[in-house]
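> Fold the following for me, if possible:
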Amino acid sequence: MKKKLLFTFIILSLISCNQKEKTADNIIRTNKIVIGQIDSIYSNILDESRKIWIHIPESAKDNSSYKIKYPVLYLLDGPEHFYSVTGIIKQLSTTNGNTVVPEMIIVAIPNTDRSRDLTPTHVDFDFFSGDSIQYSSGGGNKFLDFMEDELIPHIEKTYPASSYRTFVGHSFGGLSVINALVNRQHLFNNYVAIDPSLWWDGQSFLKDANSILSANKFHGKALYVGVANTMDEGMTIKEVRNDTLNKYSSHIRSILKFVNSIDTQNDNGLLFEWKYYNDDDHSSVPLITEYDAFRFLFPWYKFKQGNNWYSLNTQETINLINSHYTNISEKFGYKVIPPERVINLIVNDFMYSKMPKKAYALLNLNIKNYPKSTSAFESLGDYYLSQSDTLNAIKEFKNGLKIGECKTLKEKLKKLENAEANKNQ
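Numbering: from 1, shown residues only. Purely as a prediction, here's the structure:
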């Protein structure tokens, strides 16, 4: 039992030895926990410098030699949603062994002139009050030009970013997301519009969007819309749909009109879902929408073992894993190999289920896929140790140290070598 507990502890350490030591040393040295960095780019299109907040997955810092790429999530109103989105993605992609969604690079875009950049058309009068508006508007397509021609190329040149992209926005940001879906559908794979301001410009953009969505195909694209409860107290969804006299109910009516229009279009290829959040208003709805949206967008990402999982032979097991990641590769548009930490979780399961031969085969699959990973050899050494094969454990620990320095691996190797020396005396 002690050997299995030791093996479990090491297998569940899902980051490599070097990364683990660097992360711990960095926290001790700086006394800070850092979830991102600030970059900047000068935009000739917008004629201004734009700051961007970047979150890079921890695993990217230890996989540079494999040229692993990550999906990218572009987030409007960046500082307002950066912390929640990075937290949700981390929780669903790595925490507690989760693989519900992929790890992602997050690009959060702070505003310089929000209403200018996030509205698709120019208006002179406020839709609700009828008064002359005191803010700029109508630069939404120019802002999308900036994203397409300057920001996205910068991200894909500077970071381990793939061309698989998700676009997320709230309120005016949600309006911008819908604008990108109908007018720049080649830019993103997934669109998340959180309580979008589709009342904009007297619903003229809404009418254009519905027309474009009905006339074009959107195969391979996905849209999730979150709808907040912005109705008057006591009003129902059915009532607000017919409340054409109250201008202030136009916000939710516009969204309901939009989602109803998409619901009736079954042949445009768009993967679509929307949800009404009765207990959330316009300000609180982003967090819960983001969580539900990410789960909706990636139902195919998590590896599912199936009912006959334990009855498969070793080769069938490997074939099933490889088939799953072939499907992911087809979705992403580039090759994705099984992540080392995911294989380690499966290995741990097989060890608990007393199937060491399958565990051994998968540990060797990790070494095949990640031949320069210290932790892959460390895990294989731990396997041998759990099988009371000290000599092979020493051999694999040494193979790991040939790749890179690792304090804990050195300590384990020294302990085993001393034990072998004492045994032979």
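> burial count for the closest residue to Lys217 other than its chain neighbours?
Residue nearest to Lys217 in three dimensions, not counting chain neighbours: Gly269, with 4.9 Å by CB to CB, 6 or more residues apart in numbering. C-betas here are computed from N, CA, C, even on glycine. Using other CB atoms under 10 Å as the criterion, Gly269 is surrounded by 13 other residues.
> Quick check: Gly269 is in a strand.
No - using DSSP: H, G, I helix; E, B strand; the rest coil, the secondary structure at Gly269 is coil, not a strand.
> Heading C-terminal from the helix or strand harbouring Val347, find the next helix or strand.
According to DSSP states H and E, Val347 maps onto helix 340-352. Moving toward the C-terminus from helix 340-352, the next helix or strand (DSSP H and E) is helix 356-369.
> Name the residues of stretch 182-194 that come out as buried.
Of the residues in stretch 182-194, those with enough neighbours to count as buried (16 or more other CB atoms under 10 Å) are Val182, Asn183, Gln185, Leu187, Phe188, Asn189, Asn190, Tyr191, Val192, Ala193, Ile194.
> First-to-last residue distance for that stretch?
Counting by CA to CA, to the nearest Å, the length from the leading to the trailing residue of stretch 182-194 is 16 Å.
> now do stretch 380-391
The first and last residues of stretch 380-391 sit 12 Å apart, counting by CA to CA.
> surely Phe303 meets His324?
Yes - under the criterion of CB atoms under 8 Å, Phe303 is in contact with His324, at a separation of 5.1 Å.
> which residues of the stretch 201-350 of the chain score low on pLDDT?
Low-confidence segments of the stretch 201-350 of the chain (pLDDT under 70): 266.
> and what of the stretch 1-150 of the chain?
Residues of the stretch 1-150 of the chain meeting the criterion pLDDT under 70: 1-30, 62-66.
> Which parts of it are strands?
Listed in chain order, the strands of the stretch 1-150 of the chain (DSSP state E, counting those that start in this stretch) span 37-43, 48-55, 70-75, 105-108.
> list the contacts for the residue nearest to Lys217?
If a contact means CB atoms under 8 Å, 6 or more residues apart in numbering, then Gly269 has Lys217, Phe218, His219, Gly220, Lys221 as its contacts.
> any idea which element the fourth one lies in?
The reference is to Gly220. Following DSSP H and E, one finds Gly220 outside all helices and strands.
> show me the residues around it that make contact.
Taking CB under 8 Å, 6+ apart as the criterion, Gly220 is in contact with Asn189, Gly269.
> Please report the distance of it from Leu409.
Using CB to CB, to the nearest Å, Gly220 is found at 44 Å from Leu409.
> can you check the last one too?
Distance of Lys221 to Leu409, computed by CB to CB: 46 Å.
> more crowded one of those two?
Legend: neighbour count by other CB under 10 Å for Lys221 and Leu409, higher for Leu409 (23 against 18).
> quick one: the more buried one and Leu401 touch, right?
Yes - assessed by CB under 8 Å, Leu409 is found in contact with Leu401 at 6.0 Å.
> which residues are in contact with both of these two?
Thr374.
> Would you tell me which of the strands of the stretch 1-150 of the chain gets closest to Asn31?
Nearest to Asn31 among these is strand 37-43 (17.4 Å), distances taken as CB to CB.
> dump the residue contacts of Val342.
Residues in contact with Val342 (CB under 8 Å, 6+ apart) are Thr99, Phe303.
> what's the spacing between it and Tyr291?
With distances defined as CB to CB, the gap from Val342 to Tyr291 amounts to 22 Å.
> now do Glu80
In this structure, Glu80 and Tyr291 are 16 Å apart, going by CB to CB.
> would you list every one of the helices in the stretch 51-200 of the chain?
Assignment of helices within the stretch 51-200 of the chain using DSSP state H, counting those that start in this stretch yields the ranges 78-93, 114-118, 140-146, 152-158, 172-183.
> tell me the most buried of those?
Per-stretch averages of neighbours, counted by mean count of other CB atoms under 10 Å, single out helix 172-183 among those, with a mean of 24.
> Give the other helices and strands that that helix contacts.
helix 114-118, helix 140-146, strand 161-170, strand 190-194, helix 204-215 (3 or more CB pairs under 8 Å, 6 or more residues apart in numbering; DSSP states H and E).
> For Ser132, which of these is the nearest?
Nearest to Ser132 among these is helix 114-118 (14.0 Å), distances taken as CB to CB.
> on that earlier part again, pipe the helices and strands packed on helix 172-183 into a markdown table and attach distance to Lys395 per row.
Formatted as a markdown table, the helices and strands packed on helix 172-183 follow (distance: least, CB to CB, whole Å):
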| stretch | distance to Lys395 |
| --- | --- |
| helix 114-118 | 59 |
| helix 140-146 | 55 |
| strand 161-170 | 37 |
| strand 190-194 | 46 |
| helix 204-215 | 61 |
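> All set, thanks.
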